[in-house]
Structure formats: structure tokens, C-alpha cells
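S.K.: Sharing a sequence plus its predicted fold:
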Amino acid sequence: MTRSGITRRVIWAVAALCVCVVVFAIIAYRPAIATVTRPDPRLFDPALVAQGANVARLSNCVSCHQSAGGRPYAGGYPVKTPFGTIYGSNITPDPATGIGAWSPAAFRRAMREGVGRDGSHLYPAFPYTHYANVTDGDLSALYAFLMTRPAVRSVPPANTMIPPLGFRPLLAGWKLLFFRGEPITTDPHQSVAWNRGRYIGETLAHCTACHSPRGLLQQEKRGAQAYDGGWSGGWYAPPINAHSPAVRAWTVERLEAYFRTGLSTAHAAAAGPMGSVTYNLARAAPTDVRALATYFAWQMRDAPAARFERPLPDRRAFASQRHPDGARLYEGACAVCHEPGAAMMVSGRPALPLGTPLHEDNPRDTIQIILKGLHPPVSPRGPYMPAFADALDDRQVSEIVAYLQMRHGTGPAWTDLERDVAKARKEGE
Amino acid sequence: MIDLTVNGATTRIDIDPATPLLYVLRDDLGLHAAKFGCGLGQCGACTVLVDDKPVFSCLLPVGAIGTRKVTTVEGLGTAAKPGDVQRAFLHEQAAQCGYCIPGMMARAEGLLRKTVTPTEDELRTAMAPSLCRCGTHMRILRAVRRAAVMRGGGVVDAVEPVT
């Protein structure tokens, strides 16, 4: 090839690259929206603020927008992803460090399109893929609610994303691939409560964010895999569809009680990240919580327990024989509360085998509950379980877990337990 | 037979490994500081240190301890020669009925072994699992802040100074 031929090819390649860059820049570009003076909180209609408070509780905003020991909505909770840690932002009306200078239009764009006021793309850890379908009325209400919170001057820690993912325009590519935002239509064959529950569950409450598996680029799996179980903060969020491993049916009434008190006496207490979900649902509008229960009881209508609540196995002698160390540890550390006839059982706490963790296809939740215990999710009255992380080592926890699964479990046998205990300790830090 | 190291001394005990540590301490070793409160890991009266970490001894099977070292309040000092935490609790007169105090002291000791410069938030989080029904919490917190100072540190954002 002649020299001029090579030159021509290089020129073409460079030109093509330039075109790609320009096209990408056009796709990724979002203008900044002008700042506004922080709206006077007294000017918002109290009824709208109250509606916004309900929206915020249904959406569980504080779960990510509040750090442990921090102020509500001031941000700072670490969302750990395979690509690094993203910290919840400050959404109090502080103009400098929060969203006090955001106009309603800037707020709406962030919620619907995942674009910050300054035009930068937001990571989908912020579930705008769900908020895209929130009604105008709910968005205005949420804006009014947030703008009337105490302004907190606080800058959350900087995100630690692996290169090149700190370069936010790349998120435009993620959105092209995964951000659909199909509208939620009313299903005329279903009840008003069901439709309301679907709207809340699919948009505001963004339940699939934890309860659906995620793909390589952290996109939520949809369709048949929706609600098929996922991960959150080192905990497993079990399937809440036809694959629900619960051994007792999740009826509307049981779900409603679970959402509003943090405890289903036919199942167990809300644990891990679900604790704060129930804390907020307990403070949301009761009719909305009932609607959410209606929708998810329907989602789990074909689950095994919905069809038949089978008797629960108690293979006590067999399990003691197979896992004698686990049996002894259980006897000294757990039986005083969990064994039939124990004070906790007599006072109405659900029996150990009713809890879904022992029936899940992985041991993570059982391990986390032993390591971290249970903190009263909704009110200080309980339920409560002490943490054993400092009392028992990895092998001892794994012995108890093996014993419990052998004694009560109904799912696939768990293996490599000791390693998973070590992993759970690390991921739960 | 189980070898148990408590307050620096190792004792061989013939006992069911499922027995809670608390019973062994009180009944077999005659160490009566740690108390039986609820027996459910909810009140903290039984708290002792296992390898410097506070645990509920009523829910810890003695067989699970292995080679880890147990420390009870008897190991923090004697009546004639009280340790820092004990002196701090005495100085602040932190005890009312006193039932929770050995657990409180064990918890305080555990915190100070981790750091002598905790934040007020860390202090309160560390002490929270132990309950006091007399309501001496403010004195107990003062005592722990004092003990931190005695150890050469201090609560960094203390809500009240140690005087």
C-alpha cells in the first residue's frame, strides 16, 4: 500500500472516531437547569407536604439518603456495587450541599430521567428507572415535602467508582441499553387496590431494586425474572413471586401486618434492609400499605405455600447426630428463646422454622441474622435478637446454620458455609 | 473436660459444653460479678469480655470459647486496688441498685480496649445493649467518659466535660 493510501485510511479512521465522539456527546449532553432561590417553606400547601411525606415513606428515601447516625435526607449511606461504592446524596433543601437551589423542573428531571440539576447523569443506584413513572402530583408533593425539611449542610463522601465509571457521560450509554420507563397502565380486570399497589410497588417503593436479580451492568432483570430474588447490603432479598420460598402463604392480611409492624406471626420479623422499609411503611397511609399488600399477595399467588401450607419438619434427632457441634451451640445459645415452650415462643413470637431464611436457596440471611441479630424494625417494643458476631467464630456460626438447615430446612442443602460466614462478615461491615 | 481462661488463670472444668458461660463463672468459678438478668441476651447484666469484646455470657455456650480469654469485672481490679473503669464508676457514683453495673463496666472496658478516644455516638452505641432500670444512665456515661480520660484519651465530642 502506498504512503498516501495509509494516510487516507488514518484520516478516515480519525474522522469516524470524531463522528462517534460527537454523536455520543450529543446523546449524553444534558443542559444545566438554572438555580433558584430556595423556596420559602411556608409557601407550600400543608396538604401537599403531607402527601409528599407519604410518598417519601412509601419510597423509603431515607434508606439511602441518610447515613448511620446521620440526619434524615442528608445522604451518606454507602451503596456497594461491584463497580465501587456510591453514597446517597444530600436531598435536604440546603442550597450549597443539598437540593435547595433546584427548581421543580430540575427535581422532576432528576426523578424521571436520572439527570442532576447541573446536567450530569446520575448512577442508577438512584432508582430513576422506577421513578420515571411517578405521577406529576406525587412528584410535586415530594418536592414540597423535601423543600420543607430542615436544611442540613453536609457533603457525603465521594463515590469510589472504578475507572472509567467515574466519567458520568458513560451513563448515557447505560440508559440507552437499559432504561425503558414503560408507562404503568391501569389493568381494568384488577381491583382499584391492586392497581394502586402496582403503581406504588413498581414506582415509588421500587421493590425490584432489591428483590430482582441484576445483570452484569447492574441492570435489573425484568420479565419472568422480575422479583426472582436479589441482593442488598450483604443480605439476600428472597423471591417474592411464584418462587417465594416462604413456607406459609403471604396473604394480603399477613403482608399488611408485616409491612405495618415489621413482624408476620406466620413468618418472621423484617431483617436487614427490609427493617427500614417496614419502619417507613408503618408510617405511610394505611390504605396504600393495604394496596401494596394486595399487589404482592397477587405476585406470590402461585408460590408453593399459597397453594398448600405443608406441615413443617423437625428432624431434631437426625440433625443433632449429623451436626453435634451445631446442636450443642444451638442448645446453649439459641434454644432458650427458640425452642418450643421457651418464653419467647409462649409470648407469641413465630417459631424458627416459619422464618423464610431457613428455606432460601442460600444461607446468607440465616447467617446475617445470627451475626447481627434483629433490631426492632418498627418500634422499640421489638422483635429483638442479640447479635452473635463477637460471641461466635465463623466455624461455630456455620455449625449452627448447618444444624438448623438439617433440622428445619426445606430448600437445597447449603455448602461451604464457613466461607459464606466470613464473606457475610466482610460484606456487612 | 474444658480448659477455660478467665482473668488470666486457666481452669480445667468437667462440664456440659452447652452450659452458658455465665453459669460456669458463677457456679463453678465463684465469680459473682456477672449477673443473671433475663437469660435472653436482652438486658446486658451478664456481659463479660471474650477476647476484649463484650458478649452476653448467658447466651454463650462455654464450649464455644475455646482458647479465647474471658475477662470479668473481677479481672479489672480489686476492692483494695480498683482498676480505671471501677474507679471512674466509683467517682461518679454511677451505681444505684448496682445490678447492671458489672455488665456496664465490662462493656465500658471493651470500648476502651478498642479505642480510648471514642465519639459520644460510639460511646452510646457501645453502652446501649446494657439496660439500667434505676435510670443512672447519665452517671454511667459520665463514668465511661472519665475512664477514657484516665486511660490517656477522652470522648472526642463529649456532651459534657470530665471535671
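M.R.: Received the coordinates, thanks.

S.K.: and whichever residue of chain B sits closest to chain A, how many neighbours?
M.R.: Chain A sits closest to B:P61 of chain B, with a gap of 2.7 Å, by C-beta to the nearest C-beta. Where you see a C-beta, it was placed from the backbone N, CA and C, and this is true even at glycine. When neighbours are defined as other C-beta atoms under 10 Å in any protein chain shown, B:P61 has 23 of them.

S.K.: Can you list the residue ranges for strands in the stretch 1-150 of chain A?
M.R.: Taking DSSP state E, counting those that start in this stretch to define them, one finds strands in the stretch 1-150 of chain A at A:78-81, A:84-87.

S.K.: again, but for chain B
M.R.: Remark: strands assigned in chain B by DSSP state E are B:2-6, B:9-13, B:47-50, B:53-56, B:69-71.

S.K.: from the ones you listed, which stretch is densest packed?
M.R.: strand B:47-50 (a mean of 27; mean count of other C-beta atoms under 10 Å in any protein chain shown).

S.K.: neighbouring contacts of that strand?
M.R.: Strand B:47-50 has contacts (C-beta atoms under 8 Å, 6 or more residues apart in numbering or on different chains) with A:390-391, B:21-22, B:25, B:34, B:54-57, B:60, B:65, B:68-72, B:102-104, B:106-107, B:109-110, B:113, B:129-130.

S.K.: Quick one: the strands of the stretch 1-150 of chain A as CSV, columns for mean pLDDT too.
M.R.: Below are the strands of the stretch 1-150 of chain A laid out as CSV (pLDDT from 0 to 100):
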stretch, mean pLDDT
strand A:78-81, 92
strand A:84-87, 95
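
S.K.: List the contacts of A:R153.
M.R.: Taking C-beta under 8 Å, 6+ apart, we find A:R153 in contact with A:94, A:96-98.

S.K.: which element is the closest residue to chain B within chain A on?
M.R.: Relative to chain B, the nearest point of chain A is A:G332 (2.7 Å; C-beta to the nearest C-beta). Assigned by DSSP states H and E, A:G332 belongs to helix A:324-333.

S.K.: Packing partners of that helix?
M.R.: Secondary-structure packing of helix A:324-333 (3 or more C-beta pairs under 8 Å, 6 or more residues apart in numbering or on different chains; DSSP states H and E): helix A:316-322, helix A:394-408.

S.K.: Which SSE is immediately downstream of that helix?
M.R.: Next along the chain from helix A:324-333, counting by DSSP H and E, comes helix A:335-338.

S.K.: mind checking how far the helix or strand following that following helix is from the chain centre?
M.R.: On the C-terminal side of helix A:335-338, the nearest following helix or strand under DSSP H and E is helix A:343-346. Here the centre of helix A:343-346 is set off from its chain's centre by 31 Å, with C-alpha atoms, centre = their mean, to the nearest Å.

S.K.: quick one: whichever helix or strand comes after helix A:343-346 to helix A:394-408, angle?
M.R.: On the C-terminal side of helix A:343-346, the nearest following helix or strand under DSSP H and E is helix A:364-372. Going by axes from the mean of the first three to the mean of the last three C-alpha atoms, to 10 degrees, helix A:364-372 is angled at 130 degrees with respect to helix A:394-408.

S.K.: dump the residue contacts of A:D420.
M.R.: A:362-364, A:367, A:398, A:414.

S.K.: Closest to the mean position in chain B, which residue would that be?
M.R.: Closest to where the C-alpha atoms of chain B average out (C-alpha atoms, centre = their mean) is B:A106, at 1.1 Å.

S.K.: Surely that one touches B:A34?
M.R.: Yes: counting by C-beta atoms under 8 Å, B:A106 does reach B:A34; the two are 7.5 Å apart.

S.K.: shared neighbours of these two, anything?
M.R.: Residues within reach of B:A106 and of B:A34 at once, by C-beta under 8 Å, 6+ apart, are B:47-48, B:72-73.

S.K.: Output those as a markdown table; include the columns pLDDT.
M.R.: Shown next, in a markdown table, are these (pLDDT from 0 to 100):
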| residue | pLDDT |
| --- | --- |
| B:T47 | 98 |
| B:V48 | 98 |
| B:T72 | 98 |
| B:V73 | 97 |
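
S.K.: Enumerate the beta-bridge partners assigned to the residue of chain B closest to chain A.
M.R.: B:P20 (DSSP bridges).

S.K.: Go ahead and confirm it touches A:G332.
M.R.: Yes: using C-beta under 8 Å, B:P61 is in contact with A:G332, at 2.7 Å.

S.K.: Could you name every residue contacting both of those two?
M.R.: Joint contacts of B:P61 and A:G332 (C-beta under 8 Å, 6+ apart) are B:17-20.

S.K.: neighbour-wise, which of these leads?
M.R.: Counting by other C-beta under 10 Å, top hit in the shared contacts of B:P61 and A:G332: B:P20 with 22 neighbours.

S.K.: okay, that one: pLDDT?
M.R.: Model confidence at B:P20, given as pLDDT, is 96.

S.K.: Quick one: residues contacting it.
M.R.: By C-beta under 8 Å, 6+ apart, the neighbours of B:P20 are A:332, B:57-62.

S.K.: was I right about A:P353 contacting A:Q405?
M.R.: No: A:P353 is not in contact with A:Q405 according to C-beta under 8 Å; the separation is 10.3 Å.

S.K.: ok, the two, which is more surrounded?
M.R.: Between A:P353 and A:Q405, counted using other C-beta under 10 Å, the more crowded position is A:Q405 (24 against 18).

S.K.: wait, isn't that one in contact with A:L358?
M.R.: Yes: contact criterion C-beta under 8 Å: A:Q405 and A:L358 qualify, at 6.1 Å.

S.K.: Next, show the common contact partners of those two.
M.R.: A:366, A:411.

S.K.: Count residues in the vicinity of A:V23, would you?
M.R.: 10.

S.K.: which ones are touching the residue nearest to B:G152 when sequence neighbours are not counted?
M.R.: Once flanking residues are discounted, B:G152 sits nearest to B:V116: 6.1 Å by C-beta to C-beta, 6 or more residues apart in numbering or on different chains. Applying C-beta under 8 Å, 6+ apart, we find B:V116 in contact with B:148, B:151-154.

S.K.: Tell me the spacing between B:V116 and B:M104.
M.R.: 17 Å (C-beta to C-beta, to the nearest Å).

S.K.: if we can go back for a sec, want to throw the helices and strands packed on helix A:324-333 into CSV with mean pLDDT?
M.R.: Below are the helices and strands packed on helix A:324-333 laid out as CSV (pLDDT from 0 to 100):
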stretch, mean pLDDT
helix A:316-322, 97
helix A:394-408, 98
